[in-house]
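Undergrad: Please find the sequence and the predicted model below.
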Amino acid sequence: MRLTHFSDYGLRVLMYLASRPGEHVASADMARHFNVSWNHLLKVVRRLSELGFVEAKRGPHGGVKLMPTGLDVTVGEIVRNLEPQGELVECFNEETNSCPLVQGCRLAPLLDRANSAFLGVLDEVRVRDLVPTTELADSTPPTARR
Ligand code: SF4
């Protein structure tokens, strides 16, 4: 099991912003800090903004800020929202499944339980519990622009 880069960076953005409460951080600064393309980071920020976890403003006084919901959301909820769902194995999608073993397969419910257990552990932790120590938040003051 592996998280997509999209979810991974979504979590990084939230943790990074959690270490800078109340600040509007330039997405370009975060992209540089994470060594990822700005374009990719903007897509992540846009999705986090749609979900109400961050506020993204353009302009000289703009930037990305963590919203209270982004501080209290669980890691499990973030992963559910950012990861493609239901596709651990192909039979989890009834519409596209072509596996001939689906009738009476004993592996499918096991994988389903394992997936639920994985998310269950992540549901126990909120972003506020992951507020990083200094090494994740760089020491360079961010500019307030996107
Ligand atoms: S073998 Fe079982 S778990 Fe795997 S895709 Fe087929 S039905 Fe699903």
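TA: The structure has been received and is ready for your questions. Numbering: from 1, shown residues only.

Undergrad: which stretches of the chain form strands?
TA: Applying DSSP state E to the chain gives strands spanning 54-57, 63-66.

Undergrad: Would you mind giving those strands as CSV with mean neighbour count, mean pLDDT and distance to V44 added?
TA: Quick note: C-beta positions are derived from backbone N, CA and C, even for glycine. Compiled in CSV, these are given as follows (neighbours: other Cβ atoms under 10 Å; pLDDT from 0 to 100; distance: least, Cβ to Cβ, whole Å):
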stretch, mean neighbour count, mean pLDDT, distance to V44
strand 54-57, 18, 94, 10
strand 63-66, 24, 96, 10
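
Undergrad: can you pull the buried residues of the lengthiest helix in the chain?
TA: Longest helix in the chain, counting residues (DSSP state H): helix 107-122. Neighbour counts over helix 107-122 (16 or more other Cβ atoms under 10 Å) mark 108, 115, 119, 122 as buried.

Undergrad: residues in contact with it?
TA: Residues outside helix 107-122 that contact it (Cβ atoms under 8 Å, 6 or more residues apart in numbering): 1, 74-76, 79-80, 88-89, 91-92, 102.

Undergrad: go again using 10 Å as the cut-off
TA: Identification of contacts with helix 107-122 by Cβ atoms under 10 Å, 6 or more residues apart in numbering yields 1, 11, 74-80, 83, 85-86, 88-89, 91-92, 97, 99, 101-102, 105, 123.

Undergrad: That one and the ligand, any residue contact?
TA: Yes. With Cβ under 6 Å from any ligand atom as the criterion, the ligand is reached by helix 107-122 at 107-108, 111.

Undergrad: Stretch 75-94 now?
TA: Yes. If you take Cβ under 6 Å from any ligand atom as the test, stretch 75-94 does meet the ligand, through 89-91.

Undergrad: Could you dump the residues you listed into CSV with pLDDT and distance to T69 added?
TA: Formatted as CSV, these follow (pLDDT from 0 to 100; distance: Cβ to Cβ, whole Å):
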residue, pLDDT, distance to T69
V89, 92, 32
E90, 92, 34
C91, 94, 34
